[in-house]
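Undergrad: Pasting the sequence and the predicted coordinates here, then a few questions.
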Amino acid sequence: MKLITFAVPSYNSEAYLHKCLDSLLIGGEDIEIIIVNDGSTDTTSKIADDYQKQYPSIVKVIHKENGGHGSAVNAGQDAATGMYFKVVDSDDWVNQRALKILLRTIKEHTLNGNIVDLYINNFIYDKIDTFESYTRNFRKNFPVDQICTWKDVKPFYMSSVLLMHSLIYRTEVLKTSNTQLPEHTFYVDNIFAYKPLPYTNTIFYIDIDLYHYYIGRSDQSVNINNIVKRYEQQIRVMKSMIDAYTFDEINEMHTGLRKYMKHCLSAIMATTIMFTTAKESEERRQNLEQLWDYIRRNDLKMYRMLRHRSISSPLNYVPWKLRGKLMISGYKYLRKKIKLG
């Protein structure tokens, strides 16, 4: 069995797919690379097929109609045969030295009979035009380089949450949790970094800078103009996260996991409010109220927590126009703080 399946969702990726795949191939026969060509119209499909021909025991290609990032992740997950599963977007890449350390660590754990459900790694934001970077690590939250459980996890604060770039799930965990992402929807990585967590019992935070995340292109989902425009998709993601577990189900989880799940929902709700209030319109007002009404009707306890006892709560008492300005200013400040704005 391969140690890790790397799923590479690819849409019109001809400009950067080579760099991504070449960074992964250092894993050799220990890994499986599944390139999911999500209906590309450029030479992505040819590049993918060429890699499969050159590395037939490592690279697989799935050609499919365009369904969006979530659809491509689903396809890669369904076809995965590796013990672990990680998503590497086609415009990103991994540090080869860090990948070797990761694979060596997984081998050691497996040989010793220590099956870890979730590996967590650092990731780096790379600004493509200024060559600036910022590393996100989790040293304040997890014991370093030791197998732990949720009881050992220290609290997350403010907007700090786990992201897809930092996660390597045991493939069986993803299948058992029935984690399937919505099609034609941006920001589904929030679901991927949330829904499977209650199925993870053992965690290993490996303090390596593995994942490099390109940022700065105008077409990226995290570009502020796209964030403002695609607010309805963030609302769709928020609903999916609310539907995953009830407030009562979360309350029955171990203390460390319970606290993180509530914090994560609160942080994503704050993000959803930011997306929605970034512009003034009656439609946006109605959509936000409909979201609150959806939460209230489906889970009153969850509604009360998010509305009155979470990091997003103060925003409900700020006038709409000021709320939007505060949210956009906060977002710009964050990007500037991590040297990406």
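TA: Okay, I see it.
Undergrad: Mind giving me the packing neighbours of the lengthiest helix in the chain?
TA: In terms of residue count, the longest helix belonging to the chain (DSSP state H) is helix 255-277. In terms of contacts (3 or more C-beta pairs under 8 Å, 6 or more residues apart in numbering; DSSP states H and E), helix 255-277 is packed against helix 224-229, helix 231-244, helix 247-251, helix 282-298, helix 300-308, helix 320-337. C-betas here are computed from N, CA, C, even on glycine.
Undergrad: Tabulate these in JSON lines, adding columns for mean pLDDT and distance to I62.
TA: As requested, the helices and strands packed on helix 255-277 are arranged in JSON lines below (pLDDT from 0 to 100; distance: least, C-beta to C-beta, whole Å):
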{"stretch": "helix 224-229", "mean pLDDT": "66", "distance to I62": "26"}
{"stretch": "helix 231-244", "mean pLDDT": "96", "distance to I62": "23"}
{"stretch": "helix 247-251", "mean pLDDT": "98", "distance to I62": "34"}
{"stretch": "helix 282-298", "mean pLDDT": "96", "distance to I62": "34"}
{"stretch": "helix 300-308", "mean pLDDT": "95", "distance to I62": "36"}
{"stretch": "helix 320-337", "mean pLDDT": "68", "distance to I62": "34"}
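Undergrad: most packed of these?
TA: Of all the helices and strands packed on helix 255-277, helix 231-244 has the most neighbours on average by mean count of other C-beta atoms under 10 Å, namely a mean of 20.
Undergrad: and it, what does it pack onto?
TA: Packing partners of helix 231-244 (3+ C-beta pairs under 8 Å, 6+ apart): helix 189-192, helix 255-277, helix 282-298.
Undergrad: out of those helices, nearest to E232?
TA: Between E232 and the helices and strands packed on helix 231-244, the shortest gap by C-beta to C-beta is with helix 282-298, which sits at 6.5 Å.
Undergrad: coming back round to it: right, and the helices and strands packed on helix 255-277 - which one's nearest A270?
TA: Distance to A270, taken as C-beta to C-beta, is lowest for helix 320-337 among those, at 8.2 Å.
Undergrad: thinking again about what came up before, off-centre distance for the longest helix of the chain?
TA: Between the mean C-alpha point of helix 255-277 and the mean C-alpha point of its chain there is a distance of 14 Å (C-alpha atoms, centre = their mean, to the nearest Å).
Undergrad: sorry, back to before: can you redo the helices and strands packed on helix 255-277 as CSV with distance to F85?
TA: Written out in CSV, the entries for the helices and strands packed on helix 255-277 read as follows (distance: least, C-beta to C-beta, whole Å):
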stretch, distance to F85
helix 224-229, 27
helix 231-244, 19
helix 247-251, 24
helix 282-298, 30
helix 300-308, 29
helix 320-337, 29
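Undergrad: I'd like to know which of these lies nearest to G82.
TA: Evaluated with C-beta to C-beta, the helices and strands packed on helix 255-277 place helix 231-244 nearest to G82, the distance being 24.5 Å.
Undergrad: check contacts around V87.
TA: In this structure, V87 makes contact with F6, A7, V8, P9, V73, G76, M164, D189, F192, judged by C-beta atoms under 8 Å, 6 or more residues apart in numbering.
Undergrad: out of everything not next to it in sequence, what's closest to the last one?
TA: With C-beta to C-beta, 6 or more residues apart in numbering as the criterion, F192 has its nearest non-adjacent residue at 5.1 Å, and that residue is M164.
Undergrad: thinking again about what came up before, quick one: work out the angle between the longest helix of the chain and helix 231-244.
TA: Per axes from the mean of the first three to the mean of the last three C-alpha atoms, to 10 degrees, the angle that helix 255-277 makes with helix 231-244 is 160 degrees.
Undergrad: now helix 255-277: mean pLDDT?
TA: What helix 255-277 shows for mean pLDDT is 92.
Undergrad: Over to stretch 155-169?
TA: Averaged over stretch 155-169, pLDDT sits at 93.
Undergrad: First-to-last residue distance for it?
TA: Distance between the boundary residues of stretch 155-169 (C-alpha to C-alpha, to the nearest Å) amounts to 21 Å.
Undergrad: Return the set of buried residues in it.
TA: Neighbour counts using 16 or more other C-beta atoms under 10 Å place F156, S159, V161, L162, M164, H165, S166, L167, I168, Y169 of stretch 155-169 among the buried residues.
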